[in-house]
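Peer 1: Structure for the following, please:
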Amino acid sequence: MRFHRPAPITSRPRVSVVIPCYRYGHYLPGAVASALDQDMLDVDVLVVDDASPDDSALVARELAARDPRVDVLVHEQNAGHIQTYNDGLAKASGDYVVLLSADDLLPPNSLTRAVALMEAHPRVGLVYGFARSFTDAPEPVDDVTRSWTVWQGHDWLSRSARAGRCFLSSPEAVMRREALFETDLYDPRLPHSGDFDMWLRTAARWDVGRVNGPIQAHYRVHDANMHLTTYAGWLTDLEARRLTFDILFDERAPGDPRVAALRPTAKRALAREALRRARHVARDEAAMDVADDYVRFALETWPSITGSSAWHATRVSLAGGNHRRAGTVRRQASRVRDHLVWRRERRWGV
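Peer 2: Numbering: from 1, shown residues only. Purely as a prediction, here's the structure:
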């Protein structure tokens, strides 16, 4: 990992922004406008409407009629979000590519900041930053970049394996087009973790960069978010991450011993997280079946977890009895740990 002083763009690169849309026509004007609000870049936007039953396609066509930088692709039949992503990305022709959900927003010049890093570091295939969630309106953005971080791909991959998860939300990600097409786009086997798979595959071949300081994307939280509806549940998320890591180790980089060596690290991290979540839900007697599911997941993922202190603590929590005070202390320690992790990732991205 190396820190670098930010440098301005000296050329005028082209960035293709793909905006998949399904029944989000009311969000489209904001998303498109935010993507185009970038200095020192030539930005083109492609809205891909997945046969929305509302007026989303009409809204997209009206936006395209008003601005030649905007184009529209409309599916005649609903194809699902993975195919929608891939249909749009396959048409991207810019030097850099962004996938922006129709309900999310990009701050002014966020793409400029990310592209500046990649222009200065040709081996960087993926750049991200801090994505701030919002509900009604995003907060104002301080656009001062404090520094750039550049990791060798394997270093970033190793950190992701140790955490057992992804460090990106998605709208803050900017990819070099060559890196994007080396990944073969989104994998339909991973409807819940396709983004994570994309970042892992990229890090296996390219370096990874981060813009430190400003908010690089606004992630909208609402009742229709896919992660809160179709794929709700932490256990589902854990299972998807396990499958994503398995595909990485078995298919993405099977000939790279450095990547293969990360398998036990990732499995151990996932098992430990499952036990933490089992201890959390065990506070509610009505959720004991869910706690047992987490324990089973941990055992399947990393059988050696039974020799750990985390396993003992989980068995104590599930047994109940006279361990309430100890459980309270563990919960307080867990909250402190989670807050420190959040602060570190907010500042440095890993």
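
Peer 1: For burial, what's the neighbour tally of I82?
Peer 2: 17 (other C-beta atoms under 10 Å). C-betas here are computed from N, CA, C, even on glycine.

Peer 1: Please give me every residue in contact with it.
Peer 2: 186-188, 190-191, 194 (C-beta atoms under 8 Å, 6 or more residues apart in numbering).

Peer 1: can you put these in JSON lines and add distance to W148, pLDDT and neighbour count?
Peer 2: Shown next, in JSON lines, are the contacts of I82 (distance: C-beta to C-beta, whole Å; pLDDT from 0 to 100; neighbours: other C-beta atoms under 10 Å):
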{"residue": "Y186", "distance to W148": "27", "pLDDT": "97", "neighbour count": "20"}
{"residue": "D187", "distance to W148": "29", "pLDDT": "97", "neighbour count": "20"}
{"residue": "P188", "distance to W148": "34", "pLDDT": "96", "neighbour count": "11"}
{"residue": "L190", "distance to W148": "29", "pLDDT": "97", "neighbour count": "18"}
{"residue": "P191", "distance to W148": "33", "pLDDT": "95", "neighbour count": "15"}
{"residue": "G194", "distance to W148": "27", "pLDDT": "96", "neighbour count": "21"}
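
Peer 1: Could you let me know which of those residues ends up closest to Q38?
Peer 2: Among the contacts of I82, Y186 lies closest to Q38 (C-beta to C-beta), at 24.3 Å.

Peer 1: so where's the stretch 101-250 of the chain uncertain?
Peer 2: Flagging of the stretch 101-250 of the chain using pLDDT under 70 yields the residue ranges 222-232.

Peer 1: all strands of it, in order?
Peer 2: For the stretch 101-250 of the chain, the strands defined by DSSP state E, counting those that start in this stretch cover 124-134, 147-151, 174-176, 207-220.

Peer 1: So which elements touch the first one?
Peer 2: Contact analysis of strand 124-134 by 3 or more C-beta pairs under 8 Å, 6 or more residues apart in numbering; DSSP states H and E lists helix 110-120, strand 174-176, helix 177-182, helix 194-203, strand 207-220 as its packing neighbours.

Peer 1: cutoff 10 Å now
Peer 2: In terms of contacts (3 or more C-beta pairs under 10 Å, 6 or more residues apart in numbering; DSSP states H and E), strand 124-134 is packed against helix 110-120, strand 147-151, helix 153-163, strand 174-176, helix 177-182, helix 194-203, strand 207-220, helix 324-348.

Peer 1: Then the longest one?
Peer 2: Using 3+ C-beta pairs under 10 Å, 6+ apart as the contact definition, the elements that strand 207-220 packs against are strand 2-4, helix 28-36, helix 110-120, strand 124-134, strand 147-151, helix 153-163, strand 174-176, helix 324-348.

Peer 1: and what of the second one?
Peer 2: When contacts are defined as 3+ C-beta pairs under 10 Å, 6+ apart, strand 147-151 packs onto strand 2-4, helix 110-120, strand 124-134, helix 153-163, strand 207-220.

Peer 1: Give me the sheet partners of the helix or strand hosting V17 and which way each runs.
Peer 2: For V17, the host element (DSSP states H and E) is strand 14-21. Strand 14-21 sits in its sheet next to strand 42-49 (parallel), strand 96-99 (parallel), going by DSSP bridges.

Peer 1: Redo these as a markdown table? Include mean pLDDT and distance to A7.
Peer 2: Listed next are the strands paired with strand 14-21 as a markdown table, based on pLDDT from 0 to 100; distance: least, C-beta to C-beta, whole Å:
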| stretch | mean pLDDT | distance to A7 |
| --- | --- | --- |
| strand 42-49 | 98 | 20 |
| strand 96-99 | 98 | 16 |
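
Peer 1: Adding distance to V74 and mean neighbour count, write the ones you listed out as a markdown table.
Peer 2: Converted to a markdown table, these look like this (distance: least, C-beta to C-beta, whole Å; neighbours: other C-beta atoms under 10 Å):
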| stretch | distance to V74 | mean neighbour count |
| --- | --- | --- |
| strand 42-49 | 5 | 23 |
| strand 96-99 | 18 | 25 |
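
Peer 1: rewinding a little: go through the helices and strands packed on strand 207-220 and name the closest to W199.
Peer 2: Proximity to W199 (C-beta to C-beta) singles out strand 124-134 among those, at 6.3 Å.

Peer 1: angle of that closest one against helix 153-163?
Peer 2: With axes from the mean of the first three to the mean of the last three C-alpha atoms, to 10 degrees defining the directions, strand 124-134 sits at 40 degrees from helix 153-163.

Peer 1: Out of the contacts of I82, flag the one nearest to S133.
Peer 2: Each of those was scored against S133 by C-beta to C-beta, and G194 proved nearest at 20.0 Å.

Peer 1: okay, the helices and strands packed on strand 124-134, which one's buried deepest?
Peer 2: Mean neighbour count (mean count of other C-beta atoms under 10 Å) peaks for strand 174-176 among these, with a mean of 26.

Peer 1: Direction included, what does that one pair against?
Peer 2: When DSSP bridges is applied, strand 174-176 pairs with strand 96-99 (antiparallel), strand 124-134 (antiparallel).

Peer 1: Residues contacting that strand, please?
Peer 2: Contacts of strand 174-176 with the rest of the structure, by C-beta atoms under 10 Å, 6 or more residues apart in numbering, involve 15, 17, 89, 92, 94-99, 106, 110-111, 113-115, 117-118, 122-129, 181-183, 198-199, 202, 206, 209, 211, 216-217.

Peer 1: and if we set it to 6 Å?
Peer 2: Strand 174-176 has contacts (C-beta atoms under 6 Å, 6 or more residues apart in numbering) with 96-98, 114, 118, 125-127.
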